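S.K.: here is a sequence together with a model predicted from it:
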Amino acid sequence: MGGMIKMTLFLDTGDIKEVKKYLDMGIIEGVTTNPTILKKSGIKNVEKACKEIAKLIYPKPLSVELTQNDSITAMINEAKEKVKWASNIVIKVPFHGPKGETDNIKVIKKLSDDRIKVNVTAMMSAQQCYLAALAGARYVSLFCGRVNNMGYNSVDELKKLRKLLDMQRSTSEIICASTREVLNIIEWLEAGGHIVTVVPDLLEKMIVHPYTKETVDMFLKDAKKSK
C-alpha cells in the first residue's frame, strides 16, 4: 500500500449513544451502518440519525448503504443525495445485485470517478474484493464471518487479498466485516485486514476480561487492608 496504514476498528451500529461511548475512549476510527443495523437500533429517520452520527465522529468516516438496486442512474442519484448529508459520508454499494446483476460495478466506478468514497460490501472472496479495488473502491468489505460460515477460512482470503493490493500499491483498504466472535478481530487484523467492523457487544467483550476484574478487585481489597 502507499505507506504505513493504521490498523483500526469501525463500530457497526446505528445507536449514537454507543458511538459516543467508544469514541470518547479513542478506540474507534469510523462507524458503519446498513438498513438491518438501523432497523435493530430502532431508527425511523435514517437521514437525521446519520447526520447526527456523522457530525459526532467528524472527520472519521460514516458508511451509509444504498437502499435500492433498480438501475445505475437511480443508485448514483441516491448516492449523490446521501453524500450531501455530511462531508464524511462513505457510500456502501453491494458488489452485485440480488440476482447477480453486475451493473453495481459500473456504479462503483462512476461514484469513484466523481470522487465519492465507496465502501463495496457483501463480498465473499478475494477475487471480488480485488475487482472492487480495480473499480476504484475506497474500502473493500470482505464478509469474513460469512466466509467462515460457508466452510472456508477467511484468513486465507485476507492474506491473498492483502498481498494483491500491496503488490499493486492500491489505495483501497480492506474492511473485515460480519464479525462473529472476539477472536476474529485480532486474527483478521494480523492476517492483513486494515479495519475490522465490530458491534458494541463484541467491543465490550474485548475490553472486559473476568480475570482482569478479579485481579483489580483483589488489588483494591488488599489496598484497603494495608491502610
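M.R.: That came through, no problem.

S.K.: going forward, measure contacts between C-alpha atoms and count neighbours the same way
M.R.: Noted.

S.K.: show me what the residue positioned nearest the centre of the chain bridges to in the sheet.
M.R.: In the chain, the C-alpha nearest the mean C-alpha coordinate belongs to residue 197, at 4.3 Å (C-alpha atoms, centre = their mean). For residue 197, the beta-bridge partners are residue 10 (DSSP bridges).

S.K.: give the contact list for it.
M.R.: 9, 10, 11, 12, 32, 175, 176, 177, 178, 179 (C-alpha atoms under 8 Å, 6 or more residues apart in numbering).

S.K.: highest neighbour count among the residues you listed?
M.R.: Neighbour counts for those (other C-alpha atoms under 10 Å) peak at residue 175, which has 29 neighbours.

S.K.: which element, helix or strand, includes that residue?
M.R.: strand 173-176 (DSSP states H and E).

S.K.: just checking, what packs against whichever helix or strand comes after that strand?
M.R.: Remark: after strand 173-176, the chain's next helix or strand is helix 182-191, criterion DSSP H and E. On a contact count with 3 or more C-alpha pairs under 8 Å, 6 or more residues apart in numbering; DSSP states H and E, helix 182-191 meets helix 154-167, strand 195-198, helix 200-207.

S.K.: the residue nearest to residue 162 when sequence neighbours are not counted - how many residues pack around it?
M.R.: In space, residue 162 comes closest to residue 192 once its chain neighbours are excluded; the distance is 5.7 Å by C-alpha to C-alpha, 6 or more residues apart in numbering. Neighbourhood size, residue 192 [other C-alpha under 10 Å]: 22.

S.K.: what does residue 6 give?
M.R.: Around residue 6 there are 9 residues (other C-alpha under 10 Å).

S.K.: doesn't it lie inside a strand?
M.R.: No: Residue 6 is assigned coil when assessed by DSSP: H, G, I helix; E, B strand; the rest coil, not a strand.

S.K.: so what pLDDT did the closest residue to it other than its chain neighbours get?
M.R.: Ranked by C-alpha to C-alpha, 6+ apart and with sequence neighbours excluded, the top spatial neighbour of residue 6 is residue 194, at 6.9 Å. What the model reports for residue 194 is a pLDDT of 97.

S.K.: ok, residue 194 - contacts?
M.R.: Residue 194 neighbours (C-alpha under 8 Å, 6+ apart): 5, 6, 7, 8, 173, 174, 175, 176.

S.K.: next up, phi/psi of it, please.
M.R.: With angles defined as degrees, to the nearest 10, residue 194 sits at phi -80, psi -30.

S.K.: ok so, going back, any idea how far the residue nearest to residue 162 is from residue 165?
M.R.: 10 Å (C-alpha to C-alpha, to the nearest Å).

S.K.: quick one: the residue nearest to the centre of the chain and residue 158, what's the gap?
M.R.: 15 Å.

S.K.: output the below-cut-off pLDDT ranges for the chain.
M.R.: Along the chain, segments meeting pLDDT under 70 span 1-5.

S.K.: alright, that wraps it up for me.
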